[in-house]
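K.L.:
Using only what follows, build the 3D model:
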Amino acid sequence: MGEALGGLLGDIIGGIGAAIAGFFDPEGVFGAVGEGISTIRDGMEDLHDRVDLVDEILDYGVAYMPTGRNFSGAGKLPFTGQRTPLKGVRLESSGLRLLGKGAWQISVTLNPSWVRLVTSQIIYEIRCYAPNGSLFTYQRFVDYTSDDTHSVDFGADFVVPAPNYLVSVHVVSIGLGRGHNGGWATTRLVAKRWTSETIGQPSGDASEEVGEG
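P.N.:
Next comes the predicted model:
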C-alpha cells in the first residue's frame, strides 16, 4: 500500500514537473498544464511601436522588471523591460526619462517575495533626478502589508521645470534575504503627462514642445 501511494505521488510530481519544463505528452493528463504555461505571452509586445494608439495630448509609458534578475536587498529596482508604446518618455538607467516639462503622474506596482523571522517592513522611494544627475525630489512609501508574497501599489506626482528628468524606484530598507519578483504581469512603472503642448514623435522616444520661441 505504501509503495503504491509513493509511486502515485511520484508520478503526480513528475508529471507536473515535466509539464512545466515543457517535456510533456499533449494527450496526457498534464498536457494542458504545460501547454498553458508555454503559450502565455503578453499581447502588448506587438504594440511597442504603435505610438498612434496613445492619445495625442498624452505622454505615456510603462516599464516592468523582467524575470530572472533575482533582485534582493536594497537598491534601485531594474525596470528595464518595455511594456507599452513609449510616447514622451524613454526607457533608461532602469527607469523612465521624462522628455517634457510639467506635471507627471507616476505609479508603481511591485511584487516582494515572502520572508520569515525578519521584519515585514519595506521602505520604498520614487526618485526624480535632474538632467545633471542630482536628486531633484522624491516620494517615500512604507509597506507593512505582509511577510508573504503580495502586490504593493504606490505613486507620486512630480512637477519638473524642464525635459530630461529621470524617474526610478528604490528599495531603501527591507528585511534580510527578502527580494522582489519580476514579470510583466506583476510589476510596472508608469509615467503619464497630459498637455496640449506635446506632440509625440513617430518613434515614440521623444516629445516636442511647441508654441515656444
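
K.L.:
contacts for the helix or strand hosting C128?
P.N.:
Secondary-structure element containing C128, defined by DSSP states H and E: strand 122-129. Outside strand 122-129, the residues that touch it by Cβ atoms under 8 Å, 6 or more residues apart in numbering are 106, 108, 110, 112, 135-143, 152, 154-156, 158, 160, 165-175, 178. Any C-beta I mention is one placed from the backbone N, CA and C, and that applies to glycine too.

K.L.:
Quick check on those: which are buried?
P.N.:
Applying 16 or more other Cβ atoms under 10 Å to these, the neighbour count classes 106, 108, 110, 112, 136, 138-139, 141, 143, 152, 154, 156, 158, 160, 165-171, 174-175, 178 as buried.

K.L.:
Among the residues you listed, name the ones in strands.
P.N.:
Residues from those lying in strands, with DSSP state E as the criterion: 106, 108, 110, 136, 138-139, 141, 143, 152, 154, 156, 158, 160, 165-171.

K.L.:
where in the chain is pLDDT low?
P.N.:
Applying pLDDT under 70 to the predicted model, the residue ranges of the chain that meet it are 1-39, 41-57, 196-213.

K.L.:
90 instead, please
P.N.:
Residues of the chain meeting the criterion pLDDT under 90: 1-58, 68-70, 116-117, 145, 194-213.

K.L.:
and P78, how many residues sit next to it?
P.N.:
The number of residues packed near P78 is 19, by other Cβ atoms under 10 Å.
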